[in-house]
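Trainee: quick one, what's the 3D model for this:
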Amino acid sequence: MTCIFGIDIVKGSVHGKERPKYALFISSEGKEKVVSRAKLFRLIRQYRPSIVSVDNITELFSSKEDLIKFLKEIPPSTKLVQVAGKHSLPYLAKRYGLRMDIRNPMDEAKACAMLAGFGVGEEVSVFIDKTLIIVSRNRSLGKGGWRQNKYRRRIHDEVRRVYNEIKSKLDECNLEYVEDARKGYGGISKGVILVNASKSEVPINSFKTRDVQVRVEAVEKEKIEFIPLSQQKMHTIVGIDPGTTTAVAVLDLSGNLLGISSRKEWSHSDVIDYVLSFGKPVVVATDKSNPPEFVSKLKASFNAVLYTPKEDMSVEKKKNLASKYRTANDHERDALAAAIEAFNSYKSKFLNIEKRIPAGVDVDAIKAGIIKGLTLRELLVKKKEEKPKEKKAVEKKEDVDRQAIIKELQEENKVLRAEIERLKEEVERLRGRIVSISREEHERIRKDNYIRSLEAEIAELRAKLKEKDAIIEELKERIEQLKTMRILEFSGWKGVKVLEKFTREEIERLEREVGIESGDIIYIHNPGGGGKAQAEYLCSKGVKAVIASSVSHTAMAVFEEMDVPVIGVEEVEIRVADGIAVINVRSFEEVYGKKVEEMRKRKIEKLEQLIFEYKQKRLF
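Mentor: Model prediction:
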């Protein structure tokens, strides 16, 4: 038998100083109790009723926060129902043939339970079908330092590991989600996942470890919604965005969002089932002026009115329409924007209708009729002709052998007590096992973390060692080169500095690695491409001479002007190997002297020519 709790306040108030007492009726057992607020909540968690019914939720909760906290703690299958919405409890009790003394709180509690069982009332809804998972550090990182960086890297790596495991679990369950991860040193510092499913469908619970905390929360609606329990389907406006990923948004005729969802390869029949779970659609809307075939088929399936905009809705307009709501992707945004736009096109009509409809008439039914093309007069006349159907409660009395029931209950009680004792022993055994496992797990985690830390440190030291080995090898080669040059110098040979190419980059490399000093002899292996700038730079360093097969005219002019002789490779005795060059000092000095003398003579001749030309000008 379905268990339903009926509740009414006996005395006190959640808003006052005196703590409230409640009359509680448990339908499955026919029990009546007067309990405190704390005990009432304990019984709800114990019995896990399908419905907790109350005259008005303000009797139980002092604020929205109090209500949300309660709904987070009760079983997901338990609904909180407010029985008296538009109509008072005495009116509803009379309508359904229930006897009730309005001065007796227990009668009112019993009436609430029975009315909820008849499908009367509204479910209190504060969550949408989305779940927020937040993965973050469980510790403060403290101040900086080289050890702190190592600690920070370990923590962020652990956050990343847990975050990826949660995503893998969601992928295994084929749950759609969007994510946002904030990078941290060595991993991530915080990750947020918005899952496109209710909390009861998500296989993850909140937990904490030494380094990481995971918080799983249902996403709250902007305001509290009251969803009727009545089997009579409410009328809805449905926005559709078809494609590989199909999105559906459902509004009621007051413009409230009832549900929004998107799925890949969503079949026509499954979309119909999803839409009908909220009510009967009277409008099917799209954001395209030329409706897709999928939308037209849905419109025909529901026998609904098709809404299309005059022109395709722009992305900017869709963003503005859906900005007040949280959507998982662009498809959901487009479907929601289409539904809102359709509602807005009827909004002025709806407001006018609400002012003109007399009390006691179903406003949504009238709105649906107007959308279908009927006039308000026709609809009101039709309502008057309908005869209200009254449900009568039928009381059945059965003769029961009280003694047999009492004996049966006593036997059952004896068996249950024995079972309780056995379960207590099992609980104690399991508690001891939990403590043992916790210690083993803690030790394992500590060892794993220490090993991970050592491995990271070893990798870092290996990288540094490899870098140092490379430097040592390079220095060894340089030492051998210097030794060779020193030996040659004693044998009448002299080392010269080698430029592989006549470029500024190569000159800077040579200066950085070996240095270019005044009096140096430079050998250019490949002089092609060198020009005025490179020649000027070498001359500015005070080089004594340049040895090359040839140089450009512009470079030669600079060397000539700066008294730096350019000696051909074939003119001197030079040996080159592995980036090292040496020349025979005697042969070099002979050629060098000749080159210097030649440059001196060319300068004298040039000067004499200038003087001659000057004199010629003076004569004429």
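Trainee: now Gly529: how far from Val566?
Mentor: Between Gly529 and Val566 the computed distance is 16 Å (CB to CB, to the nearest Å). Where C-beta positions appear, they are placed from N, C-alpha and C, glycine not excepted.
Trainee: helix/strand/coil for Arg263?
Mentor: Classification of Arg263 using DSSP: H, G, I helix; E, B strand; the rest coil returns strand.
Trainee: residue contacts, it?
Mentor: Counting by CB atoms under 8 Å, 6 or more residues apart in numbering, Arg263 makes contact with 176, 245-246, 270.
Trainee: return the residues in contact with the residue nearest to Tyr163 when sequence neighbours are not counted.
Mentor: Nearest non-adjacent residue to Tyr163, counting by CB to CB, 6 or more residues apart in numbering: Gly191, 4.1 Å away. For Gly191, the contact set (CB under 8 Å, 6+ apart) comprises 134-136, 159-160, 163, 179-182.
Trainee: does Gly191 belong to a helix, a strand or coil?
Mentor: Applying three-state DSSP: Gly191 is strand.
Trainee: quick check: Ser62 touching Pro20?
Mentor: No: judged on CB atoms under 8 Å, Ser62 makes no contact with Pro20 at a distance of 10.2 Å.
Trainee: looking only at neighbour counts, state which of the two leads.
Mentor: Pro20 (17 against 12; other CB atoms under 10 Å).
Trainee: hmm, back to that, buried subset of the contacts of Gly191?
Mentor: Buried subset of those (neighbour count, 16 or more other CB atoms under 10 Å): 135-136, 159-160, 163, 181.
Trainee: who are the packing partners of the lengthiest helix in the chain?
Mentor: Using DSSP state H to assign secondary structure, the helix with the most residues in the chain is helix 402-490. With contacts taken as 3 or more CB pairs under 8 Å, 6 or more residues apart in numbering; DSSP states H and E, helix 402-490 sits against helix 146-172, strand 493-501, strand 580-584.
Trainee: can you give the distance from the second one to the centre of its chain?
Mentor: If you compare the mean C-alpha spot of strand 493-501 with that of the full chain, they lie 61 Å apart, counting by CA atoms, centre = their mean, to the nearest Å.
Trainee: residues making contact with that strand?
Mentor: Applying CB under 8 Å, 6+ apart, the contact partners of strand 493-501 are 485, 488-489, 506-507, 510, 514, 516, 520-526, 528-530, 547, 574-576, 579-585, 588.
Trainee: return a ChimeraX selection command for the buried portion of these.
Mentor: Restricted to buried positions by 16+ other CB under 10 Å, the ChimeraX selection for the contacts of strand 493-501 reads:
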select :485,488,506,507,510,516,520,521,522,523,524,525,530,547,574,580,581,582,583,584,585,588
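Trainee: and Asn449, what does it touch?
Mentor: Going by CB under 8 Å, 6+ apart, Asn449 touches Arg154.
Trainee: that one and Lys190, how far apart?
Mentor: Relative to Lys190, and taking CB to CB, Asn449 is found at 20 Å.
Trainee: surely Tyr346 touches Ala368?
Mentor: No: using CB under 8 Å, Tyr346 is not in contact with Ala368; the gap is 10.5 Å.
Trainee: what's the burial count for Val284?
Mentor: Other residues near Val284 number 28, with proximity taken as other CB under 10 Å.
Trainee: once you drop chain neighbours, what's closest to it?
Mentor: Using CB to CB, 6+ apart, the closest residue to Val284 is Lys299 (4.3 Å).
Trainee: in what helix or strand does that neighbour lie?
Mentor: helix 293-302 (DSSP states H and E).
Trainee: between Ser62 and Pro20, which contacts overlap?
Mentor: Contacts common to Ser62 and Pro20, judged by CB under 8 Å, 6+ apart, are Val14.
Trainee: which strands or helices does the worst-scoring helix or strand of the chain on mean pLDDT pack on?
Mentor: Ranked by mean pLDDT, DSSP states H and E, the weakest helix or strand in the chain is helix 376-385, scoring a mean of 74. When contacts are defined as 3+ CB pairs under 8 Å, 6+ apart, helix 376-385 packs onto helix 363-372.
Trainee: contacts for the helix it packs on?
Mentor: 234-235, 252-253, 280, 282-283, 305, 346, 349-350, 353-354, 357, 376, 378-380, 383.
Trainee: any quick PyMOL command for the buried ones out of those residues?
Mentor: A single PyMOL command is used to select the members of the contacts of helix 363-372 judged buried by 16+ other CB under 10 Å:
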select buried, resi 234+235+252+253+280+282+283+305+346+350+353+357+379+380+383
